[in-house]
Structure formats: structure tokens, C-alpha cells
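# Curious how this folds, go ahead:
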Amino acid sequence: MNYILDTKRLRLREFTTDDTKFIIQLVNSPGWLEFIGDRNIRTTEQAKEYLENGPIKSYRENGFGLFLVETKNHQTPVGMCGLIKRGDLENPDIGFALLPEFTGKGFAFEMATGTMEFAKNTLKMPVILAITVPHNIRSRKLLEKLGLTCSRTITHQNNSEELMLFSS
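Numbering: from 1, shown residues only. Next up is the predicted model:
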């Protein structure tokens, strides 16, 4: 496995096309659907396409992307976290999601902190952005706990929904 970073309890690694079952579960979880949106990924083939054209393509083109987050002790996938380069944002933004059974355990802060340190120290990124819908209170609190501040609201290129833009 190509591990990117370790935290106290978690390990982040690159996604592979073997992670389709997990992706189907994550992108169809209630929190993902409510706060990120339906990606219409229901089949193994759709999940494989998502991985190949999303995270895996980003590793190749940008040297970073969204990573699978798993527990160190049992290698249980719990979520994803990483950096996304969007065409309509001037800097990469941090993205994260957890399966519902792993929320409220401090994993989100742990994986996001590790990702922010990786971005600043390894990738030498001076500025990290983040976007979230205004009603995602947990993400907003996490972003603030990470030291990011809301600078303005934006409308994302593929969506008319207003988003809060945070910056480090």
C-alpha cells in the first residue's frame, strides 16, 4: 500500500480500484448525501470510474488528492480526507468525510490535522482552502478548530448552492 501519513490512530493511503465497495458505502451515507450531494454512484463500475477519474487521476496530475482513511489497528476504512484542486479555486482545498459509525470519535480532527500538516510541510502549500454548505455545522466547527477562517461565500461552478469559503 502507498501510505501517505500516519496519525495516532489512523493511516491515510492512496485509493485503488479495489476500494469500490467502500466508496459506494461512503458516497451513499446520509451525511455525504446531505452535505456533499448525490454522486449517483451505485455500482462497482460507477465507483471504479469515480476513483479513476477523481482521486487516482489527481495523484497522477497534482501529486495529491483524496485519500482513504483507515484505522491503524484493524485497517478498517473509516472515511476519506485529502486535498482537491478545483478549477474555480485559486488554491487546493481540504475535503473530508466519515462513515456515520465513526463520527464523534475525534477521527475527523485527527485526519484533517494530519492532512493540513502534510500539505504545509511536505507539499509546501502556503494556503489551504475549504468549502462547505452553511448548514453543515460540524464541518464548520472542524474547519475553525483547524485554524481556518471563513473569508466569504461563493457559488461553486457545478452548483448554484451558496458555499462558505474558508482559508488557512
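# which residues sit against stretch 108-116?
Contacts of stretch 108-116 from elsewhere in the structure, counted by Cβ atoms under 8 Å, 6 or more residues apart in numbering, are 5-10, 12, 67, 69, 79, 81-83, 94, 96, 98, 128, 138, 142, 145-147, 168. All C-beta spots, glycine's among them, are computed from the backbone N, C-alpha and C.
# Just those: which are in helices?
138, 142, 145 (DSSP state H).
# For the last one, which non-adjacent residue is closest in space?
By that I understand K145. Leaving aside its chain neighbours, K145 sits nearest to F109 (6.2 Å; criterion: Cβ to Cβ, 6 or more residues apart in numbering).
# roughly how far apart are the one you found and N53?
With the distance defined as Cβ to Cβ, to the nearest Å, F109 ends up 29 Å from N53.
# Let me know how buried the residue nearest to K145 is, in neighbour terms.
15 (other Cβ atoms under 10 Å).
# Please tell me the pLDDT value assigned to it.
pLDDT recorded at F109 is 98.
# so which helix or strand takes in G104?
Per DSSP states H and E, G104 falls between elements, in no helix or strand.
# before we move on, back to that, how about the ones in helices among the contacts of stretch 108-116 in TSV, adding neighbour count?
Shown next, in TSV, are those (neighbours: other Cβ atoms under 10 Å):
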residue	neighbour count
R138	14
L142	19
K145	12
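# Out of those, show me where the pLDDT dips lowest.
R138 (94).
# ok, it - contacts?
Contacts of R138 (Cβ under 8 Å, 6+ apart): 103, 108.
# Could you rerun that using 10 Å?
R138 sits next to 31, 35, 98, 103-104, 108, 132 when contact means Cβ atoms under 10 Å, 6 or more residues apart in numbering.
# that older thread, how far off centre is the strand or helix carrying the residue nearest to K145?
Element membership for F109 (DSSP H and E) is helix 107-117. Offset of helix 107-117 from its chain centre (Cα atoms, centre = their mean, to the nearest Å): 10 Å.
# Does anything pack onto the very next helix or strand once past it? Which helices or strands?
For helix 107-117, the following helix or strand on the C-terminal side (DSSP H and E) is strand 129-132. Helices and strands touching strand 129-132, by 3 or more Cβ pairs under 10 Å, 6 or more residues apart in numbering; DSSP states H and E, are strand 77-84, strand 93-98, helix 137-145, strand 149-155, strand 162-167.
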